[in-house]
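Undergrad: Build the 3D model from these lines:
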Amino acid sequence: MASIYDVNAEKLIKKAAEELKKDIKMPEWAKFVKTGAGKERPPVEKDFWYIRAASILRKIYISGPIGVEKLRKKYSAKKNRGYKPERVYLSSGKIIRTILQDLEKNGYIKFGEKKVHKGRIITAKGKKFLDNLSKNLK
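TA: Coordinates of the predicted model:
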């Protein structure tokens, strides 16, 4: 049986994004906001919200308990500041928190602890969801 480690991450995220469209809803304000201070414009893709949600779900599956700050670092971007050197800016925390709340509401993730680490961990439903998608992609 194939797991998420055996399939192409990009294909898995796109497939998961299509399936997540049925479960979570993109807020109205998401069309107008940038994904971080390092970006110049809002995303061009219409379904960027679902792609980000699928990517976050996959990241939680792989990285164990993970919090908003670590996810903000993962989606950070370098900002073009003209003649000054580039600087890395963290991603928007509001977008990540809202997606995490939607995934929690649908039962894909939950808040938990492993030893000294606290954060969101994947539930059995979320694990089954991603494993079934990766099995179908194989």
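
Undergrad: And the nearest residue to residue 80 once chain neighbours are set aside, its phi and psi?
TA: Nearest residue to residue 80, sequence neighbours excluded (C-beta to C-beta, 6 or more residues apart in numbering): residue 86, at 6.5 Å. All C-beta atoms are positioned from the backbone trio N, CA, C, and that covers glycine. Taking degrees, to the nearest 10, you get phi -60, psi 150 for the backbone angles of residue 86.

Undergrad: distance of residue 86 from residue 38?
TA: From residue 86 over to residue 38 the distance is 9 Å, taken as C-beta to C-beta, to the nearest Å.

Undergrad: how much space is there between the residue nearest to residue 80 and residue 75?
TA: 17 Å.

Undergrad: quick one: which of those two has more around it?
TA: Between residue 86 and residue 75, counted using other C-beta atoms under 10 Å, the more crowded position is residue 75 (18 against 12).

Undergrad: Tell me if I'm right that that one and residue 35 touch.
TA: Yes: the criterion here is C-beta atoms under 8 Å, and residue 75 meets it with residue 35 at 6.9 Å.

Undergrad: Could you look up the SS state of the residue of the chain most remote from its centre?
TA: For the chain, the residue at maximal distance from the C-alpha centroid (C-alpha atoms, centre = their mean) is residue 83, at 32.5 Å. Under the three-state scheme (DSSP: H, G, I helix; E, B strand; the rest coil), residue 83 adopts coil.

Undergrad: Number of residues surrounding residue 132?
TA: Residue 132 has 12 neighbouring residues, counting by other C-beta under 10 Å.

Undergrad: show me the contacts for it.
TA: Residues counted as contacts of residue 132 (C-beta atoms under 8 Å, 6 or more residues apart in numbering): none.
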